[in-house]
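Enquirer: Sequence plus the predicted model coming up.
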There are 2 protein chains.
Amino acid sequence: MRRRATAKNVADAAGVSKWTVIRAFTPGASITEESKRRVLQAAAALNYSPNLLARSLATNLTHQVAIFVDDFANPQKLPFLETLTDRLQAEGLVAMLININNHFDHVRALLNADQRQVDAIIMFGTAFRSETLNDRRLGRSMPPMFVLARDSQIDGVPAVVCDAELALKEIVDHLYEKGYRRPGFMAGAPALSTALRRRHHFIDFWKQKGVDETAVISAERYSAQAGAESVRHYLQNTDAKDRVDVLMCENDILAIGALDEIRGQFGLRVPQDMAVIGFDNYELGGASVYGLSTYEQPKDEMVEVVIEMITGRRPPETVTLPGKLIVRNSA
Amino acid sequence: MRRRATAKNVADAAGVSKWTVIRAFTPGASITEESKRRVLQAAAALNYSPNLLARSLATNLTHQVAIFVDDFANPQKLPFLETLTDRLQAEGLVAMLININNHFDHVRALLNADQRQVDAIIMFGTAFRSETLNDRRLGRSMPPMFVLARDSQIDGVPAVVCDAELALKEIVDHLYEKGYRRPGFMAGAPALSTALRRRHHFIDFWKQKGVDETAVISAERYSAQAGAESVRHYLQNTDAKDRVDVLMCENDILAIGALDEIRGQFGLRVPQDMAVIGFDNYELGGASVYGLSTYEQPKDEMVEVVIEMITGRRPPETVTLPGKLIVRNSA
DNA sequence: CACGCGTTTGCACCCGGTAGCAAACGCATT
DNA sequence: AATGCGTTTGCTACCGGGTGCAAACGCGTG
C-alpha cells in the first residue's frame, strides 16, 4: 500500500502543529524563518508534498481542465494538443483528455468532467449540439465551457475560432484570380462538418463572384482514406468535361488523400487537370510531393485566448482570429 | 459560484440520512428498494451526483492515469492516444495528458502526478532515465509506472513494446533478400533514440549477414522536416557511388520526409536509386505517392496489455509483442 | 406477546487538506 | 513589573464523501 506522508506526520517530526506545516507550504503565510526551515527539513526527510486532492476538495479548485476530442484522425490535433498542454501546464493547470466516441458520448463526458470537478472544459473541435446541454441527466451548473477551433452553437458558450468567413474569402479570391470557375467542395464527416461553416462561406463567396454552382462531395470521415474514396467515387461518376476545376477540401488530411488519389490512381495532373486546396496547414501537406495550398489557423493565438478565458484574464466571449493563406502549387 | 448538491442535501430532501443516500449510489449496498427509489428521485430533482474528488480522498483511488508524452511531432501518437483514452475510459479511468518538454521535465511531471494521486503513470514513448527516478525531490513510493512503446531502462518499471529484435530481423531479412547490400540508418532525436534499440538491432543483423558497414545519419528531431534535412545533408556530402542503397528510418515520419527530399529535391528514384523503409505504419505512408514499406506495431494489443497491468489483471512485467512487416514499393 | 434473526439505518470517526478566529508569544515602552 | 501591539501558532469547524459498528426495524416463530 502506497502511503504518502501527511502534514500531520511532518508536524510531529518537526515538533509543530500541522497548521504550521501547511503555512510553510503556503506562499506568503505568516510563519517565522526558523519554523519554516525546520518544517521544510522534516518535509524533505519524509518526502512530503501536499495532497492536491485534499486541497482541491477544500478550495473547490482542481486546476484540472477537461479537453474533449472526438476526431483523432486529423493529425492537426496533435500540435494543438501539444500547445494546449504546454500552456495549461505553464499556468499550473493540467489537461484531462477525454475521448468522445460511440462508447462515450458528450453527456457522459460532461457528467464525468463535472463529477471530477474540473475547473473548465474545452471542447476541442468537437461537434457539440445544444440539445446535449439540455439532457436531463445534466445539472444546471456545469463547469465553464469553451469551444476551440469550431463555432459554438450554444448560447453562453464562447468559441475561439479561426475566422472562417475571412479565410474562405481569401481562398475564393485567390482561386478566382487564378482563373478557376468550376469549384467543388469536399465535406468531412456529416456530424462534424456543419459547425465549421467552411462549406457555407465557400459556396457563398463563389456566388458573389457570379459562380452559382458549387459541387459538394462528401467524405465519410476526416481521414486521407475517406478523402481518397470520396474523390474516387466522384471521378468515376463524373465525365471529364463536367468535372470541377478546383476542389477545396474541408481539411488537409482529406486534401492529401484526395490529391494522392487524383494523381496516383487517375493519373490526372494537379493543378492543371484539377486543382486542390486544403485547410489547416498540416506539415506533410508542405512536402514537395504534395505542395498543397492551404490555410493556416493561428494555433498559438487561439490557444492563448482560450487560456486567458479559463484563467479569467479575458471575458468569456467568442473570439475570431485571422489565419493565413498558404499558396503552394496545388492551386 | 458553482455549487453542486451534496449527499446531505439529497438526504434532507428524501427524508433520510446522508449514509442512506450514499448507499443508494453504492452498487450492492444494503438498502431497501423503497429508500433507493426515494433517494434516486430526490437526487434526480437536485441533479446530484457524487463528488469524485471527495470519494477519491476517502478511498485513496482517483481512477486517473497520467500519460507522459514528450514527442508530439510523430503523428503516430494520435491513434495510440485514441486507443489509450478509449480503453481507459471503458475501465472507468481517465487520462491526464502531461507534456514533457523543456519547461516541464520528468521530475516535475512525476511530482505533479504523484501529488494528484494518480493511480498509475504511463510513460508513452518518453525517454526516461533511471537517474530521474533517483532525483532527491522524488519520494520513494511513486504510483505504479509503465513504459509504453519504448524499452524501460529502469528496474521494476515494466515496458510494453513491439519486439524490436524480431522486427529488425524481419526487416533486414527482407532487405537482404531484395538484394540490398549497403544499408543506412537514420536515427531521430539523440535523446529519444537510444531506447528504441532499432538502430542497434539493424546494425547487428546486417553484421550477421556479413555486411559490416551500416551508415548512420542523424536527424535533429522526429519530424518530416528533420528527416528531409538529414538526408539532404547526407546526399550533398556523399558521392553517388558511395551512397547507401537502402535507408531505414527510425520512424515513418522521418522516412516520409526523407523520401520526399530524395525524390523531390534530388530527383532520385525510390527504390531503384535508393530504397527507403520506415517504422510505425503511419497512415499517410501508405498513400500511393509514398508507398512506404514499414513495420506496424501491434497498437491495440500493446494498449490492452498496459490496461491489464494497470487494472491488476496482469502482473507488471515487461511484455514484448510481435509486429508486422508491411511491404510496399519503397523497399 | 416475547423472542430471535437478518436486514436496514444512523452514527462516530476518518481521508488530508483550508479558513478564520483566538490564544500565546516576543518585544518595546511606560 | 505591567501594558500594549504586532506576529506567530494552535484550534475549531469544514470541504464531501467512505468505513465499520451498533442500534433500530421487520418479520416469522414458539
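Expert: Looks like it arrived, so ask away. Every value quoted in this text rests on a predicted model; they were computed, and no experiment measured them. Numbers count the residues shown, from 1 in each chain, chains lettered A, B, ... in the order given.
Enquirer: Remind me which helix or strand residue A:121 belongs to.
Expert: Assigned by DSSP states H and E, residue A:121 falls within strand A:120-124.
Enquirer: Strand partners (parallel or antiparallel) of that strand?
Expert: In the sheet, strand A:120-124 lines up against strand A:64-69 (parallel), strand A:145-148 (parallel) (DSSP bridges).
Enquirer: residues in contact with the shortest one?
Expert: Contacts of strand A:145-148 with the rest of the structure, by CB atoms under 8 Å, 6 or more residues apart in numbering or on different chains, involve A:80, A:84, A:120-126, A:128, A:154, A:157-161, A:302-303, A:306, A:309-310, A:316. No exception for glycine: its C-beta is placed from N, CA and C like everyone else's.
Enquirer: Mind checking which of those residues land in strands?
Expert: Within the contacts of strand A:145-148, residues falling in strands by DSSP state E are A:120-124, A:159-161.
Enquirer: now the strands for chain A?
Expert: A:64-69, A:94-99, A:120-124, A:145-148, A:159-162, A:183-187, A:215-218, A:246-249, A:275-277, A:294-296, A:319-321, A:324-326.
Enquirer: Give the pairing partners of the fifth one; include direction for each.
Expert: Yep, that's strand A:159-162 we're talking about. Assessed with DSSP bridges, strand A:159-162 is paired to strand A:145-148 (parallel), strand A:319-321 (parallel).
Enquirer: what would the ones you listed look like in TSV with mean neighbour count and mean pLDDT?
Expert: Formatted as TSV, these follow (neighbours: other CB atoms under 10 Å in any protein chain shown; pLDDT from 0 to 100):
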stretch	mean neighbour count	mean pLDDT
strand A:145-148	23	96
strand A:319-321	16	97
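Enquirer: Minimum distance to DNA strand D: which of those strands has it?
Expert: Ranking the strands paired with strand A:159-162 by proximity to DNA strand D (CB to the nearest atom of the strand) places strand A:145-148 first, at 20.5 Å.
Enquirer: May I have that closest one exported as CSV, CA atoms only?
Expert: C-alpha atoms of strand A:145-148 as CSV (Å, rounded to 0.1, in the frame of the first residue of the first chain):
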residue,chain,number,x,y,z
MET,A,145,-17.1,25.6,-21.2
PHE,A,146,-15.2,26.8,-24.2
VAL,A,147,-15.2,25.6,-27.8
LEU,A,148,-11.9,25.7,-29.6
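Enquirer: tell me, how many neighbours does residue A:272 end up with?
Expert: By the criterion of other CB atoms under 10 Å in any protein chain shown, residue A:272 has 8 neighbours.
Enquirer: What pLDDT is listed against it?
Expert: On the pLDDT scale, residue A:272 is placed at 94.
Enquirer: And residue A:117, by the same measure?
Expert: Residue-level pLDDT assigned to residue A:117 equals 97.
Enquirer: Now the phi/psi pair for the residue of the stretch 101-250 of chain A found nearest chain B, please.
Expert: Closest to chain B within the stretch 101-250 of chain A is residue A:139: 3.7 Å, counting by CB to the nearest CB. Residue A:139 adopts backbone torsions of phi -70, psi 170, taken as degrees, to the nearest 10.
Enquirer: Let me see the contact set for it.
Expert: Counted by CB under 8 Å, 6+ apart, residue A:139 has contacts A:114, B:4-5, B:47, B:49.
Enquirer: before we move on, what about residue A:53?
Expert: Residue A:53 neighbours (CB under 8 Å, 6+ apart): B:53, B:56-57, B:62, B:116-117.
Enquirer: Roughly how far does it sit from residue B:57?
Expert: 5 Å (CB to CB, to the nearest Å).
Enquirer: cool, residue A:230 as well?
Expert: 51 Å.
Enquirer: can you check residue A:306 too?
Expert: Counting by CB to CB - residue A:306 and residue B:57 are separated by 29 Å.
Enquirer: ok, how many other residues are close to the residue nearest to residue A:104 when sequence neighbours are not counted?
Expert: Leaving aside its chain neighbours, residue A:104 sits nearest to residue B:89 (5.1 Å; criterion: CB to CB, 6 or more residues apart in numbering or on different chains). Neighbours of residue B:89 under the rule other CB under 10 Å: 21.
Enquirer: Let me know whether residue B:89 touches residue A:105 as I believe.
Expert: No. Residue B:89 is beyond contact range of residue A:105, at 11.2 Å (criterion: CB atoms under 8 Å).
Enquirer: Residue A:263 is in contact with residue A:273, isn't it?
Expert: No. Applying CB under 8 Å, one finds residue A:263 not in contact with residue A:273, separated by 9.1 Å.
Enquirer: Give me the more crowded residue out of these two.
Expert: Using other CB under 10 Å, the more surrounded residue of residue A:263 and residue A:273 is residue A:263, with 20 against 14.
Enquirer: Now do the contacts for the nearest residue to that one once chain neighbours are set aside.
Expert: Counting by CB to CB, 6+ apart, residue A:263 lies nearest to residue A:270, which is 5.8 Å off, once chain neighbours are set aside. Going by CB under 8 Å, 6+ apart, residue A:270 touches A:259, A:262-263, A:276, A:330.
Enquirer: Tell me the confidence at residue A:1?
Expert: Value listed for residue A:1 in the pLDDT field: 46.
Enquirer: oh, I was asking about residue A:165
Expert: 94.
Enquirer: Would you enumerate the residues in contact with the closest residue to it other than its chain neighbours?
Expert: Closest residue to residue A:165 apart from its sequence neighbours, by CB to CB, 6+ apart: residue A:201 at 5.3 Å. Applying CB under 8 Å, 6+ apart to residue A:201 gives the contacts A:164-165, A:167-169.
Enquirer: Could you rerun that using 7 Å?
Expert: For residue A:201, the contacting residues are A:164-165, A:168, by CB atoms under 7 Å, 6 or more residues apart in numbering or on different chains.
Enquirer: follow-up on the earlier one: which one of the contacts of residue A:270 is nearest residue B:22?
Expert: Distance to residue B:22, by CB to CB, is smallest for residue A:259 among the contacts of residue A:270, at 58.2 Å.
Enquirer: can you list the domains in chain A?
Expert: For chain A, automatic domain parsing gives the domain ranges A:7-50, A:60-162+A:300-321, A:164-297.
Enquirer: in the stretch 1-150 of chain A, which spans are helices?
Expert: A:7-14, A:18-24, A:33-46, A:52-59, A:77-90, A:106-115, A:130-133 (DSSP state H, counting those that start in this stretch).
Enquirer: Can you flag the weakest of these by average pLDDT?
Expert: helix A:130-133 (a mean of 84).
Enquirer: Tell me if it is near chain B.
Expert: No. Helix A:130-133 stays out of contact with chain B when judged by CB under 7 Å from any CB of the partner chain, the minimum separation being 13.0 Å.
Enquirer: which residues are contacting that helix?
Expert: A:106-107, A:153-154.
Enquirer: check contacts around the closest residue to residue A:29 other than its chain neighbours.
Expert: Nearest non-adjacent residue to residue A:29, counting by CB to CB, 6+ apart: residue A:23, 3.9 Å away. Contacts for residue A:23 (CB under 7 Å, 6+ apart) come out as A:29-31.
Enquirer: Now which of these would you call buried?
Expert: Among these, those scoring as buried are residue A:31 (criterion: 16 or more other CB atoms under 10 Å in any protein chain shown).
Enquirer: got the domains of chain A as JSON lines, with distance to DNA strand D columns?
Expert: As requested, the domains of chain A are exported to JSON lines (distance: least, CB to the nearest atom of the strand, whole Å):
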{"stretch": "domain A:7-50", "distance to DNA strand D": "3"}
{"stretch": "domain A:60-162+A:300-321", "distance to DNA strand D": "7"}
{"stretch": "domain A:164-297", "distance to DNA strand D": "34"}
